[in-house]
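K.L.:
here are the coordinates; sequence isn't available:
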């Protein structure tokens with residue numbers, strides 16, 4: 001039983017997969033936040049253009 005636990009403790013493939021998952025989640029959160037900021041800014045710019053053209 002101790003050999004099984006020692007082998008499990010040495011196995012790092014699960015930890016690596018978790019690390020990759022956390023990195024991917026962090027990248028997704030940053031990308032979503034960035035797109036949200038760009039979308040808000042773009043919405044404001046297009047709204048001002050529409051107002052200047054006499055629309056909306």
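P.N.:
Yes, it's here. Since we're looking at a predicted model, the values are computed, not measured.

K.L.:
quick one: the most centrally placed residue in the chain and residue 39, what's the gap?
P.N.:
Residue closest to the mean C-alpha point of the chain, counted by C-alpha atoms, centre = their mean, is residue 28 at 1.2 Å. Computed with C-beta to C-beta, to the nearest Å, the distance linking residue 28 and residue 39 is 16 Å. C-beta here means a position set from N, CA and C on the backbone, and glycine is covered the same way.

K.L.:
ok, back up a step: could I get the pLDDT score of the residue nearest to the centre of the chain?
P.N.:
pLDDT, residue 28: 98.

K.L.:
now swap in the one 4 residues further on and tell me
P.N.:
The predicted structure scores residue 32 at 97 on the pLDDT scale.

K.L.:
do you know how far it is from residue 11?
P.N.:
Counting by C-beta to C-beta, the gap from residue 32 to residue 11 is 33 Å.

K.L.:
with residue 33 instead?
P.N.:
Taken as C-beta to C-beta, the span from residue 33 to residue 11 is 35 Å.

K.L.:
what does residue 3 give?
P.N.:
In terms of C-beta to C-beta, residue 3 sits 13 Å off from residue 11.

K.L.:
and these two? Which one has more around it.
P.N.:
residue 11 (10 against 7; other C-beta atoms under 10 Å).

K.L.:
tell me, what's the model's pLDDT at that one?
P.N.:
70.

K.L.:
quick one: it from residue 34, how far?
P.N.:
Going from residue 11 to residue 34 by C-beta to C-beta gives 36 Å.

K.L.:
same check, this time on residue 7
P.N.:
43 Å.

K.L.:
next: residue 26.
P.N.:
13 Å.

K.L.:
mind showing which ranges of this structure have poor pLDDT?
P.N.:
The chain contains residues with pLDDT under 70 at 5, 8-9, 55-56.

K.L.:
mind doing that once more with 80?
P.N.:
Counting by pLDDT under 80, the chain has low-confidence residues at 1, 4-15, 55-56.

K.L.:
that one: helices as residue ranges?
P.N.:
Ranges of helices in the chain, per DSSP state H, are 2-10, 13-52.
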